[in-house]
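Curious how this folds, go ahead:
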Amino acid sequence: MKISPALILLFLAAVATGSSYGQTKPKAATAKPATLARPKLVVGIVVDQMRYDYLYRYYDKYKEGGLKRLMNEGFNCRNNHYHYAITVTAAGHSAVYTGALPAVNGIVGNDWYDANAAKNVYCTDDSTAATVGSNNVTVGKMSPRNLLTSTVTDQLRIATNFRSKTIGVAIKDRASILPAGHAASGAYWFDSKTGNFVTSTYYMNALPDWVTAYNNKKMPAEYAKRGWNTLLPINQYTQSSPDDVAWEGTISGEKKSVFPHDIIGTSGDAYTVLTTTPWGNTMTKDMAIAAIKGENLGKGADTDFLAVSFSTPDRIGHAFGPNSVEQEDNYLKLDMEFADFFNFLDGWAGKGNYTVFLTADHGAMDVPAFWQEHKLPAGLMNSTTLARTVVKSLNDAFGEGEYVSAFENYQIYLNKTLLAGKKKTVEDAYQVLRTALLPMQGVADVINLRDIGRAPLNTYQLELFKNNINAKRSGDLQLIVQPGWFAASYATVTDHGTPYNYDTHVPFLLYGWGVNKGETLRRTTIADIAPTISALLHILPPSGNVGNPVEEALKK
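Purely as a prediction, here's the structure:
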């Protein structure tokens, strides 16, 4: 078929001029809001010693509106792990809120040894601070000054020119102080001697009226009178061992570890025992609600942030173990506390106007005796035997002397001045102690943290231990325990603090404003939490952040 020259010219003209023939007219751009959209309130929840499997182990018994609400209506990072080796409370809370490593944020454990000052240091020690809200002078000598980086709560304060309020609430001081950050509007923790929530002069010189009002209710005394009985008939606790087993511990004043539990304080410490019962969760939730109301959180022009940590599951876990009726009962009741809390938030801020995330500071190993009962590999090392072996080995090799300055976090802090005087090095001490300790049951290895690049470790664990090392705060040598093992002085305990899955695998749930519904099995880390919340709020991540936002969790 012959094509006419006129038709060819018409086609060329259409191409050259970008003819819109056959195309729809582009739509006008949607106008963007005049102000940046953000949630009214962010609530960060850390559950102390919540292993990931607790989400599903008790799922069928959870009520609607608590954990099921977060799991089924929010976003679930199901393969979320700690990214360092020593999984303990202070390090965990710091990592959640800084997005950093202990190597960077400096919180390498609950305690460490300061070689320059020749003394042990507690993570939130601050001799310049004083107690506010109690006559207990030691409970308030606390602040976040040992934390070397900013937190996501700090960054929110900076981003809003300090108009946003940030509050920390927990039973444990470190679980309130470290998440709330350096620039916090306030942080409050529980004084077990008086039953008051207290703070320190780092934050203020007198308690706000709303805290005083809460303390004046004397709820700890009321809860102690009620004791601790199960939510359900005892035969319905099918996810647990029998109530009366030899490998469970007891709480203060009891001879047997069985329900019902009496809550009996001791002279000078009336309420520590209360925090090893679900009433500790009730007090924490009530104090969190009091903080929201008292500080009018979520009612201003800028986003506010409440960091609340539930410390009681850790205390119950250490006392009774993860497979106990006590821990199952605790989580069923904690779930109900969450449902109550979220219902309050719906009424206070409006459903869809607030964002919640939930995670844990570490998991836990089962009581070794429970594993042994079922022919699983686990055991206990005697702490005293380990220490004596270390001391004797060094004395035998180098002559009598105080070669060890401290033991913390399965780390040995060596007296390097004495070693130098003996013309010995850290490497010399390492060779002696590795030879002495490696044959012991439960010891997987001993590594030289001052020369970790040559450590005979698999690449996965090597990275985790590297992430823990802070040159000024970490020890010289690291003892690595076998999976299922830990050091203790008695058999009816459980523990955490290792690089193994039962300690590293914890929940990370997101719910509410700006959050998609869904889940991922992609591996995420605790370091991803702070940058995810930072991205949600359109603020700079914390100064030491090493994580990445979980993109699929956030609405575009």
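
and Asn120, what is it in contact with?
Residues near Asn120 by CB atoms under 8 Å, 6 or more residues apart in numbering: Asp111, Trp112, Tyr113, Asp114, Ala406, Glu408. The way it works is simple: take the backbone N, C-alpha and C, and place the C-beta from them, glycine included.

just the residues you listed now: which is nearest Asp361?
Asp111 (15.2 Å; CB to CB).

wait, isn't the closest one in contact with Cys123?
Yes. Using CB atoms under 8 Å, Asp111 is in contact with Cys123, at 6.8 Å.

who has more neighbours, the two?
Cys123 (25 against 15; other CB atoms under 10 Å).

Kindly provide the distance from that one to Thr312.
20 Å (CB to CB, to the nearest Å).

Buried ones only from the contacts of Asn120, please, as a PyMOL command.
Only the buried members of those enter the following PyMOL selection, criterion being 16 or more other CB atoms under 10 Å:
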select buried, resi 112+113+406+408
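
I'd like to know which of the contacts of Asn120 is nearest to Leu418.
The closest of the contacts of Asn120, once distances to Leu418 are taken by CB to CB, is Ala406, at 13.6 Å.

Now do the SS call for that closest one.
State at Ala406, reduced to three classes by DSSP: H, G, I helix; E, B strand; the rest coil: strand.

who does it bridge with?
Per DSSP bridges, the residues bridged to Ala406 are Tyr413.

and stretch 429-448, how far from the chain's centre?
30 Å (CA atoms, centre = their mean, to the nearest Å).

I should have written stretch 260-278 there, sorry.
24 Å.

just stretch 395-404 next, same as before
The answer for stretch 395-404 is 38 Å, by CA atoms, centre = their mean.

same check, this time on stretch 212-224
27 Å.

before we move on, what about stretch 438-449?
27 Å.

Distance of Ala130 relative to Glu463?
In terms of CB to CB, Ala130 sits 41 Å off from Glu463.

and if you look at Trp247?
34 Å.

out of the two, which sits in the busier spot?
Trp247 (22 against 14).

That one touches Trp371, doesn't it?
No. Shown here, Trp247 and Trp371 do not form a contact pair, counting by CB under 8 Å, at 9.5 Å.

tell me the SS of the nearest residue to Met365 once chain neighbours are set aside?
Leaving out its chain neighbours, the residue that sits closest to Met365 by CB to CB, 6 or more residues apart in numbering is Tyr502, at 5.2 Å. Three-state assignment for Tyr502 (three-state DSSP): helix.

Tyr502: neighbouring residues, count only.
20.

With Lys422 instead?
17.

From Gly399, how far out is it?
Counting by CB to CB - Lys422 and Gly399 are separated by 7 Å.

Please apply the same query to Lys217.
Counting by CB to CB, the gap from Lys217 to Gly399 is 62 Å.

Show me where the stretch 201-350 of the chain has its strands.
304-310 (DSSP state E, counting those that start in this stretch).

ok, back up a step: next up, the contacts around the residue nearest to Met365.
Contacts of Tyr502 (CB under 8 Å, 6+ apart): Arg51, Gly363, Ala364, Met365, Asp366, His496.

Repeat the analysis, applying 7 Å as the threshold.
Arg51, Gly363, Ala364, Met365 (CB atoms under 7 Å, 6 or more residues apart in numbering).

could you point out where the stretch 1-150 of the chain is predicted with low confidence?
1-33 (pLDDT under 70).

one more time with 80, if that's ok
1-34 (pLDDT under 80).

any idea where the helices of it begin and end?
Using DSSP state H, counting those that start in this stretch, the helices of the stretch 1-150 of the chain run over 5-16, 54-57, 67-73, 89-98, 102-105.

Also the stretch 301-450 of the chain?
Under DSSP H, counting those that start in this stretch, the stretch 301-450 of the chain gives helices at 312-320, 325-349, 368-373, 383-398, 416-421, 426-437.

how about these in a markdown table, adding distance to Tyr84?
Formatted as a markdown table, those follow (distance: least, CB to CB, whole Å):
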| stretch | distance to Tyr84 |
| --- | --- |
| helix 312-320 | 18 |
| helix 325-349 | 25 |
| helix 368-373 | 24 |
| helix 383-398 | 22 |
| helix 416-421 | 25 |
| helix 426-437 | 21 |
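
Let me have those helices in JSON lines, extended by mean neighbour count and mean pLDDT.
Below are the helices of the stretch 301-450 of the chain laid out as JSON lines (neighbours: other CB atoms under 10 Å; pLDDT from 0 to 100):
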{"stretch": "helix 312-320", "mean neighbour count": "25", "mean pLDDT": "95"}
{"stretch": "helix 325-349", "mean neighbour count": "21", "mean pLDDT": "98"}
{"stretch": "helix 368-373", "mean neighbour count": "19", "mean pLDDT": "93"}
{"stretch": "helix 383-398", "mean neighbour count": "15", "mean pLDDT": "95"}
{"stretch": "helix 416-421", "mean neighbour count": "14", "mean pLDDT": "96"}
{"stretch": "helix 426-437", "mean neighbour count": "18", "mean pLDDT": "97"}
